[in-house]
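A.B. asks: got a predicted structure here, sequence first:
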Amino acid sequence: MTWRPRLAEGTAPVLVVLLLLLVGLAIAGPAYDEPSGYLALLKRAAPLMILAIGQYFVIVSGGFDLSVGALVTAGVVIAARLIDGDEAATTWVILLVLGFGLLVGLVNGLITTKLLVPSFIVTLGMLLVLDGATFLWTDGAPRGALSAGFRTFGRGALDVPVLGEVPWSVLILSAILVAAALFMRSGTGRALVAVGDNEAAVRLSGGQVDRLRLLGFVLSGLLAAVASILLGGFAGVSAQVGNGLEFRAITAVVLGGVLLGGGRGSVVAAAAGALSLEALFTLLNLLGVSGALESAVQGLIIIAAVAYASLGGGLRHRLRSRPKQRNTAQPAPS
Amino acid sequence: MDAGAGMTPGATPRVRLTGISKSFLGVPVLHGVDLDLRGGEVHAVMGENGAGKSTLLKVLAGVHRPDNGTIEVDGAQVSFTGPTDAQRAGIAIIHQEFTLLPHRSVAENVYLGREPVRRMQVDRRRMVADTRKLLDWLGEDGIDPTAVVSSLSVAQRQVVEIVKALSTDARVLGMDEPTAALADHEVELLYDLVRRLRERGIAILYVSHRMREVFDLSDRITVLKDGRFVTCAPTRDLTPDDLVRHMVGRDLGEYYPDRARTDDLGPVRLALHGAGNARVRELNLEVRAGEIVGLAGLQGSGRSALARAVFGVEPFTTGRLEVDGVAQRVTRPRTAVRLGIAMVTEDRKGDGLALRQSVRDNTLLVRRAALRGPRARARSDVPALLDLVNVVARGEHQEVRFLSGGNQQKVVLAKWLAVEPRVLLVDEPTRGIDVGAKRAVHELLRDLAKRGVAVLMISSELPELIGMSDRILVMHDGALAGELPAGASEGDVMALATGHRTGAAA
Amino acid sequence: MSILQEKAAPADRTAIRPGVRSRLTPVVIVYLALVTLLVVGSVLVGMRGEVLLDQAGILNILTRSTALGLVAIGQTMVILTGSLDLSVAYLIGLTSLLAAETMAGQDGMVVPGVLLALAVAAAVGLVNGLVITVLRANAFIATLGVALILRGYLENNYTGPAGDVPRSFQHLGYDRIGPLPVAALLMLAVAALAWWYLSRTRPGYHMYAVGGDIEVARLSGVPTRRVVVTAHVLCSVAAGLTGIYLASRLGSGAPYVGTDAGYDLESIAAVVLGGTLLAGGRGGVVGTIGGVLILATLDTIFDDLAVDPFFKDVVRGVVLVTAVALYARRMMADRNRGRLA
């Protein structure tokens, strides 16, 4: 069979938007005449893109993860306190932060799948717990300092042959994006999307629905921890570093054409959605639009994106019909 | 006008349908059907699946507009543009699916959308009192109008549905398989209710294919076959044998693949010994490699429950299940799949396919979801599988929701073939698919059997069941009622399935 | 093989009469939890030689409950209808500013200020409702988008508190009758009104129906779009009231008064804690007020015990998830019983 490029449904618009924004950047900003400008953009966008990739795993399997913003803050605050400027502690603290993200995802996933609490509520509870617990532990304000080694990942660069100086965060992002794209092509990845589409079909095909959904949450937690390491390096220690990132990541994913409720969308498009958001902010900046209006534009865009998806899609697929799941008593089968 | 006999001459029927025809996408479903309903009678409509019963009911309910024919209510010709028109004319239908809000009270459900208002408030006292009045009128004073629906039994919910219909001042009530969801003792309660409705002058159209119910309840019976009117006669003038004869015995004119020969049969793949659970009991059966065993029975007889139990959805709680001669405990589908059992479910969109995913992803769904290790990683030749089942799609990346029903069903089969099952359970494999695809599915099933798969096939379509099966097992009321050899007559099957006859015929 | 047809009913389908069903509804659980909390709290605070429920304590709990209670009443309506509103926090900031700026310290402008704030709030609710029903956007995204637009407006036009509330209007925030703050009483009056609306009027009935099963509602002749839009307008008006109340307490409008307190997610938490299903169709204002009181009481107890304020968040998170897990278990039990019955 011949291979030809194909896009998951809903992916094309975000790529068009992204392309337009990049062209706009090239016209508006002299810095975008050469690759380094775009590398800087990618570096800035990397944490959000990684968060969007993590959020994608949860959304595509039919859930929400509202805890990632709080998790990013927690990661930075924990790292600062534990490292406290001690270079030698860098490695184990990084491992610990990653492990912490994994654990948070695991708890989110277990409560959602085993206790049948909606993921919206579970991760909202987790958000409260994380916000409280980190500051409880640091007595109210972030303390300590990150080591230079830790911050390298967020702001440093690596000399790569041919390409020259490439920021660490871009390398990490690329690795994660490639891994995520490959994972979504694998059997487990496809099954994850299928869970968001039709849980019963996966269960009756012998799949472990709970484990797959759990996996989504774990990946989201882990990637939020990675994003916190990058952001800590990039932006430094602050108690506000993760504020609102959960909504921004969800916005990015939706902008990427991923269906809320699960079952459709590609991970690359979700990442492209995040990059588009950053590119948009950069462009607005270049054009001298007040930074304050950023969020208003963001708001308009996601409403437009979702309305386009549901109305545009609705017109094309008026005929599709899916039996509605009801919780009234069903007639006995057969 | 119709062949009905024994009606009081002169009385104007409540509703008279004359020469009703209806086709969908060029496929005729009803041809010139006549029916009349009189106040205070229970008029049963019988026929096999696909005979047009439900369509007729929907025409009466205003859901479908007939292509031809007239509808008269109390002697005046009417034309319904929607369900509300029918409601206004005093016709209410109780569908199989419940339309109640589980968290709201009985009275709130009965008056949903039509709540009486008094001084800006919902007049709850009146709502409850009126509901109680209706319940009392039906003799169902055991139901509290203020009780929350989710606390009621299935039978009680059905009563609420009926009350909801009657609260619109309905004088004609259509009931579609009203006992399908009920346990036996609840059925008795429903009988009482229907009789009381009749005494109060309501005209009842009772769609069912349970012989016993129809003889217990109805005053007249109309039989449909292939969308045509066959007969209408007073119940007392008919015997169950007559009825079975009217319902079946058509010219098949259909082609089915050759049956298995004795030397095609291999070892016993699937065996049940005294297996049972909440829905089925004392099941003993064997299915051999190479044969297709048909499983017949009415709705609710436990056919699908048997398949679901074997597949671990609602596992057996008693008895023994053996796969290839080894006793197994199958408590979830995953275990079943790994033992080489496959199930093509009745509801292909609801639980067979992930509709927004591609043909390829659905084909590989089982392999990816259920298998681990080398078997999961082994390259599967998707194009070859799709070729084998002969799917027509724009490509393997097309989303399955855009495929026709027949092609969707082929994808379901392909997803199971991808894991090379040894036992295949198929539930209504050709429901809602066109003739060509039907034939392809039939040939595929036979082909699989030839390759040593043990096939257990459930179907409500008797010609299909008889045409395909090497043996037929018939279920009635949660147990096996008997076994019939290949080529048994539809009458034999129906007799066992309706409980008209018990015991093995072979 | 001979089978007795009649008596062999499948074993587990015997009817269970409704009387057996326990009366432990989520609302009852919430208020039992509240009472337990008050008792345990009183004991703990008492061990430090203080009294939890003295005048100051009651005042404290009720004052804390007022703003959150108002938002949560509105949120209850949208959640019952099967929707959700993430825009309330910014709307609170906006309405506080509109009210305070219009009043500009003049007694005569109090009424216009209040009316303007409420009118803008209603308009925002209308937009929310229309985006959801007409553009068919998911409620989460629709209201998040509107929230972001409001935020952009606030960030672009304000850097800090603005406007001036006349002294006369500040009485609303601080006056009390005995130990009871007037504003808390007003909040309870709004709650009573909302309770009446939801449980006594036709539109209220229809909110439950739409949240329970929108298809069933539509087939029964309920104007589903109108119901969703109404719920959103009422929710936004409740948020507007909150903004006005906070302006009266602060003496001016503040752009981030709603977001700093996290009223968007907090109000959803209070509603769900009060036993309303996040998916809609079941629950009510009475439970919500119970949920709000629990959260306020927890805060007050922690203050009295001088517990680290951040510990409160942890407890809130745990309480929320535990409560919903508890309700989910009861629902499952009910559903299983329904299936067996």
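C.D. replies: Received, thanks.
A.B. asks: I'd like the next helix or strand past the helix or strand containing C:Leu32.
C.D. replies: Per DSSP states H and E, C:Leu32 falls inside helix C:26-47. Of the helices and strands lying after helix C:26-47 in sequence (DSSP H and E), the nearest is helix C:55-80.
A.B. asks: so is the following helix or strand past that following helix next to chain A?
C.D. replies: Helices and strands here follow DSSP H and E; after helix C:55-80, the next one along the chain is helix C:88-103. No. Judged by CB under 8 Å from any CB of the partner chain, helix C:88-103 and chain A are separated, with a smallest distance of 9.3 Å. The way it works is simple: take the backbone N, C-alpha and C, and place the C-beta from them, glycine included.
A.B. asks: assign residue 279 to helix, strand or coil.
C.D. replies: By default, I'm working from chain A. helix (DSSP: H, G, I helix; E, B strand; the rest coil).
A.B. asks: ah, I was thinking of chain C
C.D. replies: Relying on three-state DSSP, one would call C:Ala279 coil.
A.B. asks: residues touching it, list them.
C.D. replies: If you count contacts by CB atoms under 8 Å, 6 or more residues apart in numbering or on different chains, C:Ala279 has them with A:118, C:82, C:211.
A.B. asks: hmm, the last one is touching C:Thr276, no?
C.D. replies: No. With contact taken as CB atoms under 8 Å, C:Gly211 and C:Thr276 are classed as non-touching, separated by 9.1 Å.
A.B. asks: who touches both of those two?
C.D. replies: Joint contacts of C:Gly211 and C:Thr276 (CB under 8 Å, 6+ apart) are C:79-80, C:282.
A.B. asks: ok, back up a step: helices and strands around the helix holding C:Leu32, which ones?
C.D. replies: The elements that helix C:26-47 packs onto, with contact taken as 3 or more CB pairs under 8 Å, 6 or more residues apart in numbering or on different chains; DSSP states H and E, are helix C:285-304, helix C:309-340.
A.B. asks: so where does B:Glu188 fall, helix or strand?
C.D. replies: helix B:184-199.
A.B. asks: for the stretch 201-350 of chain B, give me the ranges with low pLDDT.
C.D. replies: B:248-254 (pLDDT under 70).
A.B. asks: nearest to chain C: which residue in it?
C.D. replies: The stretch 201-350 of chain B approaches chain C most closely through B:Ala278 (4.2 Å), counting by CB to the nearest CB.
A.B. asks: for that residue, grab the count of nearby residues.
C.D. replies: 16 (other CB atoms under 10 Å in any protein chain shown).
A.B. asks: same question, the one 5 residues further on
C.D. replies: Applying other CB under 10 Å, we find 25 other residues in the vicinity of B:Leu283.
A.B. asks: the residue of the stretch 201-350 of chain B closest to chain C reaches B:Pro315, doesn't it?
C.D. replies: No. Counting by CB under 8 Å, B:Ala278 does not reach B:Pro315; the two are 10.4 Å apart.
A.B. asks: contacts only, for the closest residue to C:Lys312 other than its chain neighbours.
C.D. replies: Beyond its immediate neighbours in the sequence, the residue positioned closest to C:Lys312 (CB to CB, 6 or more residues apart in numbering or on different chains) is C:Phe302, lying 5.1 Å away. The contact partners of C:Phe302, taken as CB under 8 Å, 6+ apart, are C:309, C:311-312, C:315.
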